[in-house]
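**Q** Provide a 3D model corresponding to the input given below.
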Amino acid sequence: MYVDTHFHLNMLENTLQKQRDAIDESISKGVIGGINIYTSVDEFLENLEIFEYLSRKNLKVACGWYPEYTPTDKMIEDLENVLKSRNIFAIGEIGLEYYRMYKPKDDQLKLFELQMILAEKYKKPVIIHSRDAYNDTYSVLKKFPSVRGIIHCFTGTPEIAKKFLDIGYYISFAGNLTFKNALDIQSSAKYVPLDMVFFETDSPFLAPTPFRGQKNYPYLIKYTYEFASNLLGIPIDKLQTVILENWNRFIRG
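**A** Predicted structure coming up:
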C-alpha cells in the first residue's frame, strides 16, 4: 500500500481515458491514497470529468496557481470560486520558483501570499513548491500559522527541513531521493521524523532509479519507498504503515 502525495495526471496523459487508465493501474499496484495536482484553475476546469472519478477512488485533488503567472484579481476570484463550488482538498501547487524565474520575485511573492490568504480563509492545506527559494518560502508560510501543508519535492538540507518542521509542515521526497548524487536529500530524509514524512512521484517527472529519465507513473512510487526503507533501515511494511498513518492524519485536518 502506497501514498503518492503529488502527481499531475493532465501532464502524464493527454486524454481523460488514459488518465483513468493510469490511475486504475496505479491502484491495482498498491496506490491507495494521494493528490492529483493542478498548476492553474484553467487546467482543473479543463479536466472536471476526472475530478469525480478520482473522488470515487478516494484520491484527492489540489488546485492553485503555479508561480509562472502574474497575479491578477480575476485569477484569485477564479480560484476562490472553485474552492466554493468544488470539493477541492488543497490549494497547490503554489509557492516560489527562483531557479527558472518565470516571473519577478515580487510577482511570485504576491501571488503566493494571495493564495495563502485563501487557504487561511477556507481552512485548506497547501502544497508548496519551493525551488532555490526556501528562505522566502519560509518567511511567507510563517505569516500564516493556522495553515498546514506539505513541502513538495524537498531538495534542501536538514537545516532547511528543520525550519519547515518547526512550523508544522510535512516534508515530501520525490524520486530524486533515489539518485546517486542526491546526498543532501538523503541526509534530510534521515533527519526528518517519520511522522512528518511523505513520498511522491511528481508524475510524470522525476522517475526514481531504475527508471530515471522515463515517464513517471504514480505506481512507480514503490521504488522510492523501497529506497527509503533501505536508507532508513526500516522494514518496508513498517514504512508503509507509518506513511499511511501520516496520510490519514493529514486528510483529517
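**Q** How far off centre is stretch 23-43?
**A** Distance, stretch centre to chain centre, for stretch 23-43: 11 Å (C-alpha atoms, centre = their mean, to the nearest Å).
**Q** Format the CA atom coordinates belonging to that stretch as CSV.
**A** Below are the C-alpha coordinates for stretch 23-43, written out as CSV (Å, rounded to 0.1, in the frame of the first residue of the first chain):
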residue,chain,number,x,y,z
ILE,A,23,-4.9,5.7,-12.0
ASP,A,24,-6.6,2.2,-12.3
GLU,A,25,-3.2,0.6,-13.0
SER,A,26,-1.6,2.5,-10.1
ILE,A,27,-4.4,1.4,-7.7
SER,A,28,-4.0,-2.2,-8.9
LYS,A,29,-0.3,-1.9,-8.0
GLY,A,30,-0.9,-0.7,-4.5
VAL,A,31,-1.5,3.1,-4.5
ILE,A,32,-4.3,3.7,-2.0
GLY,A,33,-4.1,7.5,-1.5
GLY,A,34,-2.7,10.7,-3.0
ILE,A,35,-3.3,14.0,-4.6
ASN,A,36,-3.7,15.0,-8.2
ILE,A,37,-2.2,18.4,-8.6
TYR,A,38,-3.3,21.2,-11.0
THR,A,39,-1.0,24.2,-11.5
SER,A,40,-3.8,26.5,-12.7
VAL,A,41,-7.5,26.9,-12.3
ASP,A,42,-7.8,26.6,-16.1
GLU,A,43,-6.2,23.1,-16.0
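**Q** Show the average pLDDT along it.
**A** For stretch 23-43, the mean per-residue pLDDT is 97.
**Q** State the three-state secondary structure for the most centrally placed residue in the chain.
**A** Centrality entry for the chain: nearest residue to the mean C-alpha point is His6, 3.9 Å, by C-alpha atoms, centre = their mean. Three-state secondary structure (criterion: DSSP: H, G, I helix; E, B strand; the rest coil) places His6 in strand.
**Q** distance of the closest residue to it other than its chain neighbours from Leu183?
**A** For His6, the nearest residue in space outside its immediate sequence neighbours is Glu200; the separation is 3.7 Å by C-beta to C-beta, 6 or more residues apart in numbering. (C-beta placed from N, C-alpha, C; glycine too.) Separation of Glu200 from Leu183 (C-beta to C-beta, to the nearest Å): 20 Å.
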